[in-house]
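1. How does the following fold in three dimensions:
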Amino acid sequence: MIRVPYAEVVETLVAVLHRLGLAGEDAALCARLFADASRDGVYSHGLHRFPRFVEMVKSGEVDVRGRAERTTAHGPIERWEGRHGPGNVNAYRCMGRAIELSREHGIGCVALANTSHWMRGGSYGWQAAETGLIGICWTNTMPNLPPWGSSEPRLGNNPLVVAVPRQAGPVVLDMAMSQFSFGALEAYRLRGEMLPVDGGFDAHDALTRDPAAIAATGRVLPAGYWKGSGLALVLDLLAAILSGGRATHEIPPDPLRESAISQVFIAIDPATLGPSAAAEETANRIIDDFLAARPSGQSPLRYPGERVLRDRRESLEAGVAVDLTVWNRIASL
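-> Residues are numbered from 1 along each chain as shown. The predicted structure follows:
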């Protein structure tokens, strides 16, 4: 890994996006969201994912001219059409619209159809929480997760994000419905490390911690076994029904063709229900009690999103950590 100044990372990505035909505010926002993911320590959905994004633009799966637009509105809930545009740009704008609706109605919901991969889902939770709002969002994906009791991938790993604002640091849960995201599995495999717990099945139908064996079978483990399987199913149902877009079984099972997916963005303004200080006090009491639990191992307790702020500070001070091979590939684009 090398360290690259954050501003240089953004500038380099913008230059590549300009050559691809993405211009103006869209190019700046797209580049920033990729850079922010790696800045915050989510390398698998930051710079490591950027070359695949470039491939999808060149193949036509992502249309750099596609821009999400509203098609239906009814009070605090709206449907938007993604037009196969850059997924992180579409997602950021749709969460932004949900935030606007929540300021007016107390809650806002935007369902987005026919968009492309949103990259780091947590970005849109942080987007809401940093404006003092609760953020909830999820996406369906191509079929890459076998339902519990099957060896055939029929579900998506359908990431879910829940974010709660807090002055001392937002609580942001960003989780896939598989025990380990595919990006995390790849990171463990490249480091030559075993997973800390079982993450999928090997060729002999046995649970394993070996990321290479799981990659060979493609049989990742649903988080919580049947519970994760069931949650993945209902998230797909909600995303497709609310957006009027595609369900997981209608999305091509190819990472380079994973487009026309469905997403939901919800923002809630807790201030509409009472003083913001009361919500802050409640959040602090809960987190303080959580952190007071006695650790059972060597690692300290950590609430979702806590490590992000530390990684962000380090990246802004010392530079964004980037795999040298990945950075050279991006520079060559």
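2. Which stretches in the stretch 151-300 of the chain count as strands?
-> Secondary structure of the stretch 151-300 of the chain, counting by DSSP state E, counting those that start in this stretch: strands at 160-164, 171-175, 200-201, 207-208, 259-268.
3. and residue 112, which of the ones you listed is closest to it?
-> strand 259-268 (4.5 Å; C-beta to C-beta). (Glycine included, C-beta is placed from N, CA and C.)
4. Now do the closest one against strand 160-164, angle only.
-> 20 degrees (axes from the mean of the first three to the mean of the last three C-alpha atoms, to 10 degrees).
5. From here on, call the first residue 10.
-> Okay, residue one is now 10; in that scheme the one you just asked about reads as strand 268-277.
6. where are the low-confidence patches of the stretch 210-342 of the chain?
-> Low-confidence segments of the stretch 210-342 of the chain (pLDDT under 70): none present.
7. among the strands of the stretch 160-309 of the chain, which is nearest residue 85?
-> Nearest to residue 85, of all these, is strand 268-277, at 9.5 Å by C-beta to C-beta.
8. Who does the closest one pair with, and is each partner parallel or antiparallel?
-> If you go by DSSP bridges, strand 268-277 pairs up with strand 116-125 (antiparallel), strand 143-148 (antiparallel).
9. what would the strands of the stretch 160-309 of the chain look like in JSON lines with distance to residue 339 and mean neighbour count?
-> Output for the strands of the stretch 160-309 of the chain, formatted as JSON lines (distance: least, C-beta to C-beta, whole Å; neighbours: other C-beta atoms under 10 Å):
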{"stretch": "strand 169-173", "distance to residue 339": "26", "mean neighbour count": "23"}
{"stretch": "strand 180-184", "distance to residue 339": "23", "mean neighbour count": "21"}
{"stretch": "strand 209-210", "distance to residue 339": "30", "mean neighbour count": "22"}
{"stretch": "strand 216-217", "distance to residue 339": "33", "mean neighbour count": "16"}
{"stretch": "strand 268-277", "distance to residue 339": "22", "mean neighbour count": "26"}
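10. now stretch 269-287: how far from the chain's centre is it?
-> Stretch 269-287 has its C-alpha centroid displaced from the chain centroid by 18 Å (C-alpha atoms, centre = their mean, to the nearest Å).
11. What of stretch 228-241?
-> In terms of C-alpha atoms, centre = their mean, the centre of stretch 228-241 is set 18 Å apart from its chain centre.
12. sorry, back to before: please produce TSV containing the strands paired with strand 268-277, extended by mean neighbour count.
-> Shown next, in TSV, are the strands paired with strand 268-277 (neighbours: other C-beta atoms under 10 Å):
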stretch	mean neighbour count
strand 116-125	25
strand 143-148	25
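13. so which of those gets nearest residue 185?
-> Closest among these, using C-beta to C-beta: strand 143-148, at 10.1 Å.
14. In TSV: the strands of the stretch 160-309 of the chain, plus distance to residue 139.
-> As requested, the strands of the stretch 160-309 of the chain are exported to TSV (distance: least, C-beta to C-beta, whole Å):
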stretch	distance to residue 139
strand 169-173	9
strand 180-184	10
strand 209-210	34
strand 216-217	39
strand 268-277	12
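15. Which of those sits closest to residue 330?
-> For the strands of the stretch 160-309 of the chain, proximity to residue 330 was assessed by C-beta to C-beta; strand 180-184 is nearest, at 18.7 Å.
16. so that closest one versus strand 169-173, what angle?
-> Going by the same axes, to 10 degrees, strand 180-184 makes 180 degrees with strand 169-173.
17. Make sure residue 160 is actually in contact with residue 209.
-> No - taking C-beta atoms under 8 Å as the definition, residue 160 is not a contact partner of residue 209, at 10.8 Å.
18. what residues are shared contacts of these two?
-> By C-beta atoms under 8 Å, 6 or more residues apart in numbering, residue 160 and residue 209 have these common neighbours: residue 228.
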